[in-house]
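[1] Can you look at this prediction? I've put the sequence above it.
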Amino acid sequence: MRKLFRRYMPDPATVGRNRVVALLGNTFLQPGLWYLNRRSAARGVAIGMFCGLIPGPFQMLGAALMCLAFRGNLPVALATTLYTNPVTIVPLYLLAFSIGGFIMGSDATFVMPPEKGAQSVLAWCHMLLQWLSGMGQPMAIGLLALATLLAFLGYIVVRLIWRLHLLHALHRRRARRFDNSSA
């Protein structure tokens, strides 16, 4: 599994030469944020799943900061936030609103989020925050509940898949040894 992930992970030295990352110093170049094992990968997926539901363009920033706090794998967390995109965000927010309404016992109706359009990112973020505040408590509680649920499931699934992969590799190794000793 590690080989599969490493094939797609950027090199920390290459990232360190980026102008934006260079401004932050060595904060995001700590080896623990780039080390890949089953625990750091699972934490990275959980962080990415949680931060993927943050409104607007702050998902990756939130994921990077949470990786600093919880020692998740930074590239895995950043890549995982991409599960939310223009195709998936509306169904996810609708699901979050429904979950929030169920938790609160509310029967409020869902309103579509504002589109980016030609306005600046700052103006769009302001419109997005107004939309989110208009949706009220069911949306906020639903987003928190759905993000927590997705993070938990992501963590468990990665740990389970990694474990199954290790058991399969162990079984193959034992079978190879048995074949070599009987020949």
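    On my side now, so go ahead. For clarity, every value in this text was computed on a predicted model and none was experimentally measured.
[2] top helix in this protein by residue count?
    Using DSSP state H to define each element, the chain has its longest helix at helix 121-182.
[3] roughly how far is that helix from the heart of the chain?
    In terms of Cα atoms, centre = their mean, to the nearest Å, the centre of helix 121-182 is set 7 Å apart from its chain centre.
[4] same check, this time on stretch 118-131
    That offset, for stretch 118-131, works out to 23 Å (Cα atoms, centre = their mean).
[5] Which residue comes closest to Y83 once chain neighbours are left out?
    G52 (5.3 Å; Cβ to Cβ, 6 or more residues apart in numbering). From N, CA and C alone the C-beta is placed, and that goes for glycine too.
[6] For that neighbour, grab phi and psi.
    Dihedral pair for G52: phi -60, psi -20, per degrees, to the nearest 10.
[7] in the chain, which segments are predicted with low confidence?
    For the chain, the stretches with pLDDT under 70 are 1-29, 31, 111, 134, 182-183.
[8] Nearest the middle, which residue of it would you pick?
    The residue lying closest to the centre of the chain (Cα atoms, centre = their mean) is G48, at 1.2 Å.
[9] Contacts only, for that residue.
    63, 76-81, 83, 154 (Cβ atoms under 8 Å, 6 or more residues apart in numbering).
[10] got it, and P113?
    So P113 contacts 89-90, 93, 128, 131 (Cβ under 8 Å, 6+ apart).
[11] Checking it next. Helix, strand or coil?
    coil (DSSP: H, G, I helix; E, B strand; the rest coil).
[12] which of the contacts of G48 sit farthest apart?
    L78 and G154 (14.0 Å; Cβ to Cβ).
[13] mind listing what's buried in stretch 30-44?
    Within stretch 30-44, the residues that qualify as buried are 33-34, 36, 38-44, counting by 16 or more other Cβ atoms under 10 Å.
[14] Which single one of these is nearest to N180?
    R38 (28.4 Å).
[15] which residue packs closest to the closest one, ignoring adjacent ones?
    W162 (4.1 Å).
[16] Scan the contacts of G48 and report the most crowded one.
    Comparing those by number of neighbours (other Cβ atoms under 10 Å), A77 comes first, having 30 neighbours.
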